[in-house]
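In: Structure of the sequence below:
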Amino acid sequence: GKCGSCWAFSTVVGVEGINKIKTGQLVSLSEQELVDCETDNEGCNGGLMENAYEFIKKSGGITTERLYPYKARDGSCDSSKMNAPAVTIDGHEMVPANDENALMKAVANQPVSVAIDASGSDMQFYSEGVYTGDSCGNELDHGVAVVGYGTALDGTKYWIVKNSWGTGWGEQGYIRMQRGVDAAEGGVCGIAMEASYPLKLSSHNPKPSPPKDEL
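Out: Just a heads-up that it's a prediction; the model follows:
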């Protein structure tokens with residue numbers, strides 16, 4: 001079965017993004033640590049990005065993808081790897097709901113985790129261009145990350161969204177979703193309904209200590 005760990009992917013994009021902005025280093029972080037160790041969420045059965053951000057804050061950071069690689073299934077939490085955090089955050093902020101202008105302000109600063117309704121088949125078969133979301137509602141069922149925004153040559157405004165369905169999907173793994181849609185208060189596919197981003201105040205991370213064996 002497919003592991004519904006999109007919430008972990010979305011969270012990791014947010015943390016990798018703010019870490020790159022604050023430290024200048026792009027470090028690949030562990031989705032599997034979140035799937036295995038974050039108990040407020042349900043591993044492969046789904047979860048909320050804001051819970052995952054709180055978990056990273058409380059557990060003193062998140063480790064690297066290299067140290068704790070992705071397996072696409074639930075595993076037991078490897079606490080020795082968890083004790084080697086690579087990147088810390090100081091919490092998270094929620095973007096005011098159903099406010100695309102507020103979302104735009106947040107995205108201007110850093111990648112933002114959002115939930116969307118990705119159940120429509122035209123989303124699954126999307127290949128390129130600006131997706132107008134004709135077949136999607138606002139039953140939020142998929143976590144992605146908004147990494148930017150722009151305007152197409154024909155004047156259509158869009159969000160640049162990073163998905164977790166592999167680089168063979170969409171525009172090298174990204175989708176451009178229409179923004180500024182008056183009809184939909186929550187934005188296309190509910191993109192502005194539940195957005196959050198991590199806070200990171202300092203420009204450095206803990207020095208990695210060698211993983212300790214549990215006593």
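In: could you pull out the strands for this protein?
Out: 91-94, 112-116, 130-131, 142-151, 157-162, 174-178, 196-199 (DSSP state E).
In: average pLDDT for the third one?
Out: Read it as strand 130-131. On average, the pLDDT along strand 130-131 is 96.
In: and the strands of the chain as JSON lines, adding mean neighbour count and distance to V27?
Out: C-beta here means a position set from N, CA and C on the backbone, and glycine is covered the same way. Shown next, in JSON lines, are these (neighbours: other C-beta atoms under 10 Å; distance: least, C-beta to C-beta, whole Å):
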{"stretch": "strand 91-94", "mean neighbour count": "16", "distance to V27": "19"}
{"stretch": "strand 112-116", "mean neighbour count": "29", "distance to V27": "18"}
{"stretch": "strand 130-131", "mean neighbour count": "21", "distance to V27": "30"}
{"stretch": "strand 142-151", "mean neighbour count": "21", "distance to V27": "16"}
{"stretch": "strand 157-162", "mean neighbour count": "22", "distance to V27": "16"}
{"stretch": "strand 174-178", "mean neighbour count": "22", "distance to V27": "21"}
{"stretch": "strand 196-199", "mean neighbour count": "23", "distance to V27": "14"}
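In: Wait, E100 touches G187, no?
Out: Yes - contact criterion C-beta atoms under 8 Å: E100 and G187 qualify, at 5.4 Å.
In: lowest-pLDDT helix or strand in this structure?
Out: One helix or strand of the chain scores below all others by mean pLDDT, DSSP states H and E: helix 79-82, with a mean of 84.
In: and that one, what does it pack onto?
Out: helix 31-37 (3 or more C-beta pairs under 8 Å, 6 or more residues apart in numbering; DSSP states H and E).
In: domains for this structure, by residue range?
Out: Listed domain ranges for the chain are 6-93, 95-195 (source: automatic domain parsing).
In: Any chance of TSV for those domains, columns distance to S203?
Out: As requested, these are exported to TSV (distance: least, C-beta to C-beta, whole Å):
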stretch	distance to S203
domain 6-93	5
domain 95-195	14
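In: quick one, longest helix in this structure?
Out: Secondary structure assigned by DSSP state H gives helix 6-23 as the longest helix of the chain.
In: Give me the angle between it and strand 142-151.
Out: Following axes from the mean of the first three to the mean of the last three C-alpha atoms, to 10 degrees, one obtains 50 degrees for the angle between helix 6-23 and strand 142-151.
In: Just the CA trace of helix 6-23, in CSV.
Out: Taking C-alpha atoms only, helix 6-23 is exported to CSV below (Å, rounded to 0.1, in the frame of the first residue of the first chain):
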residue,chain,number,x,y,z
CYS,A,6,2.5,13.6,2.6
TRP,A,7,2.2,15.5,5.9
ALA,A,8,5.8,14.6,6.7
PHE,A,9,7.0,15.6,3.3
SER,A,10,5.3,18.9,3.5
THR,A,11,6.8,19.6,7.0
VAL,A,12,10.3,18.6,5.8
VAL,A,13,10.0,21.0,2.8
GLY,A,14,9.1,23.8,5.3
VAL,A,15,12.0,23.0,7.6
GLU,A,16,14.6,22.5,4.8
GLY,A,17,13.5,25.9,3.4
ILE,A,18,13.8,28.0,6.5
ASN,A,19,17.0,26.3,7.4
LYS,A,20,18.5,27.2,4.0
ILE,A,21,17.3,30.8,4.4
LYS,A,22,18.8,31.1,7.9
THR,A,23,22.0,29.1,7.5
